[in-house]
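**Q** Just the structure for this:
(one chain, ligands or ions: 1)
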Amino acid sequence: MAGMKLQFTKMHGAGNDFVVIDATRRPFSPTPALLHRLADRRFGVGCDQILVVEPPSAGDVDFNYRIFNADGSEVGQCGNGSRALARYVREHGLSDKPRIRVRTATSVLELAQVDASHYCVDMGVPRLEPAQIPFKAAARAARYTLTLDNGEPLEIGVASMGNPHAVIRVEDVDLAPVHELGRALQQHPAFPQSVNVGFLQVQARDRVRLRVYERGTGETLACGSGACAAVVVGRLWGLLDEKVKVVVRGGELEIQWPGENQTVLMTGPAETVFEGEIEWPN
Ligand SMILES: N[C@H](CCC[C@H](N)C(=O)O)C(=O)O
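**A** From the prediction side, this is the model:
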């Protein structure tokens, strides 16, 4: 049966991997079935997120950018994906500007190339009010204590980078119950839109290790917005300085946050792995 041929580019940022689609010349409105196929690591291409580059919705940005998790859910932020997008638009001749601005469903980001394989993203001001996360709490606090299904208390920090994050401090990320606690928090009624769950090990005031159990995807090798949220929470807890190296399973990210009402800067890698084409029935 004749189908549609869909060109894509396979990319990753510190091991968080993407299928990137160019919708700047013609619209791309993927069905859930197509998203699942693109993300499927056996029956399809395989990725953590699908990124769709679109023409700007207004003159204040250069591109719009849609983000779909592997489960097909559309979300408003992907930090590692924004670095991949910055590389993508340069490599595909869609822009030769040294700095570009992109709009997602929840945020406007500014991206700049640092060197041949590194990009810096201004991820905007973290949102800390519970209603902005969204997170059900009476008032804003640096720390919250959740009661888990088993009755156990759990201390967390919460922040939104345009997507929701919960941060849990652990002694050793290699020993943390990432999948068990990650799933428990994602199903917790305190997070009406689920949540990305970060496990933060503080090694020094300027160096941490991090694992993230992502919403709509599961554990990834890196989570850019998760690294930002972890540094924001770590600083609110008085544990971290302004510039922090975040060591994740797939590499390293540099995060800088001067403090409240300031934007978070994230610097990290973006790589192109291959160009591909997949046939899909109309
Ligand atoms: N799973 C996230 C989206 C991808 C974020 C992550 N890949 C990043 O680099 O920020 C969410 O549902 O909000």
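**Q** Run through the residues of the chain sitting next to the ligand.
**A** 16, 48-49, 69, 75, 77-81, 163, 196, 214-217, 220, 223-225 (C-beta under 6 Å from any ligand atom). From N, CA and C alone the C-beta is placed, and that goes for glycine too.
**Q** So which of those belong to strands?
**A** Under the assignment DSSP state E, these contribute Asn16, Gln49, Asn69, Val75, Asn196, Glu214, Thr220 to strands.
**Q** Residues contacting stretch 21-32, please?
**A** 6-9, 38, 50-55, 63, 68, 72, 88, 92, 94 (C-beta atoms under 8 Å, 6 or more residues apart in numbering).
**Q** Then stretch 245-258?
**A** 12, 14-16, 126, 203, 206-212, 220-224, 227-228, 230-232, 235, 242-244, 264-269.
**Q** domains for the protein, by residue range?
**A** What the TED database lists as the domains of the chain is 4-122+270-280, 130-262.
**Q** any chance of those in a markdown table, plus mean neighbour count and mean pLDDT?
**A** Converted to a markdown table, the domains of the chain look like this (neighbours: other C-beta atoms under 10 Å; pLDDT from 0 to 100):
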| stretch | mean neighbour count | mean pLDDT |
| --- | --- | --- |
| domain 4-122+270-280 | 18 | 97 |
| domain 130-262 | 19 | 98 |
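**Q** SS state for Val233?
**A** Classification of Val233 by DSSP: H, G, I helix; E, B strand; the rest coil places it in helix.
**Q** dump the residue contacts of it.
**A** Ala142, Gly157, Val158, Ala159, His165, Val167, Gly198, Leu200.
**Q** could you redo the last one with a cut-off of 10 Å?
**A** The contact partners of Val233, taken as C-beta atoms under 10 Å, 6 or more residues apart in numbering, are 126, 128, 142-143, 156-159, 165-169, 198, 200, 239-240.
**Q** Against Phe199, how distant is the residue sitting nearest the centre point of the chain?
**A** Central residue of the chain (C-alpha atoms, centre = their mean): Cys78, 3.2 Å from the mean position. According to C-beta to C-beta, to the nearest Å, Cys78 and Phe199 sit 19 Å apart.
**Q** ok, now Gly226?
**A** Distance from Gly226 to Phe199, by C-beta to C-beta: 10 Å.
**Q** joint contacts of those two?
**A** In contact with both Gly226 and Phe199: Ala166, Val167, Leu210, Arg211, Val212, Tyr213, using C-beta under 10 Å, 6+ apart.
**Q** Switch those residues over to JSON lines; also include secondary structure.
**A** Formatted as JSON lines, these follow (three-state DSSP):
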{"residue": "Ala166", "secondary structure": "strand"}
{"residue": "Val167", "secondary structure": "strand"}
{"residue": "Leu210", "secondary structure": "strand"}
{"residue": "Arg211", "secondary structure": "strand"}
{"residue": "Val212", "secondary structure": "strand"}
{"residue": "Tyr213", "secondary structure": "strand"}
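**Q** Of these, just say which sits nearest to Pro192.
**A** Set against Pro192, the nearest of the shared contacts of Gly226 and Phe199 by C-beta to C-beta is Ala166 (12.9 Å).
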